[in-house]
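[1] Structure, please.
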Amino acid sequence: MIDESQERQRSAVEANRTFLVVVDDSEEMQVALHFASRRAMRTGGRVALLYVQQPAEFQHWMAVGDLMREEAREEAEGLMQKLSAEVKEWSGNYPVVHMREGDVGEELEKLLGEEESISVLVLAASTDTSGPGPLISYLVGKGSARLRVPVTIVPGSLSDAEIIAIT
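    This next block holds a predicted model:
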């Protein structure tokens, strides 16, 4: 039998549960986003989005590199606005948005170290036969020792109806 204080404690934990999705241009990212949004809605949690911009490789002229970086940032901001609207529709709340520049694995580790509210990392496995995807491969390899949160990996081929059915 669960007493009232245990129930309040469980409710507080669920209210602080944040599902982090790493944003990229893969098709399966949409699956992870939808799954995380549905889980957040069902548990009273929220969604956080992490977008990591790769550093500009064109360094011959600083002004050109700065322009390329700014254009990429503007594109990323537009994408994050679009995805935020989807999260709002699916979960009922706007997500927390994190935008960084650097290596995806390293920036993910930094964010998880900085944001204690993040409690679950949600990724979708690649539908490509070459492997689960670069971030999952990184986390299963050298990145797993430094993770402090569980990782939920959903099949990248799930349909919206299947996500709704399991969440």
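
[2] so where is the protein shaky, pLDDT-wise?
    1-15, 56-65, 142-144 (pLDDT under 70).

[3] run the last query once more with 50
    Residue ranges of the chain with pLDDT under 50: 11-14.

[4] residues contacting the most centrally placed residue in it?
    Closest residue to the average C-alpha location of the chain: residue 21 at 1.0 Å, with Cα atoms, centre = their mean. Residues in contact with residue 21 (Cβ atoms under 8 Å, 6 or more residues apart in numbering) are 29, 32-33, 36, 47-50, 122-123. (C-beta placed from N, C-alpha, C; glycine too.)

[5] Out of those residues, list just those in helices.
    29, 32-33, 36 (DSSP state H).

[6] Which one of those is nearest to residue 86?
    The closest of those to residue 86 turns out to be residue 33 (Cβ to Cβ; 6.6 Å).

[7] what's near enough to touch that closest one?
    Listed by Cβ under 8 Å, 6+ apart, the contact partners of residue 33 are 21, 23, 47, 49, 83, 86-87.
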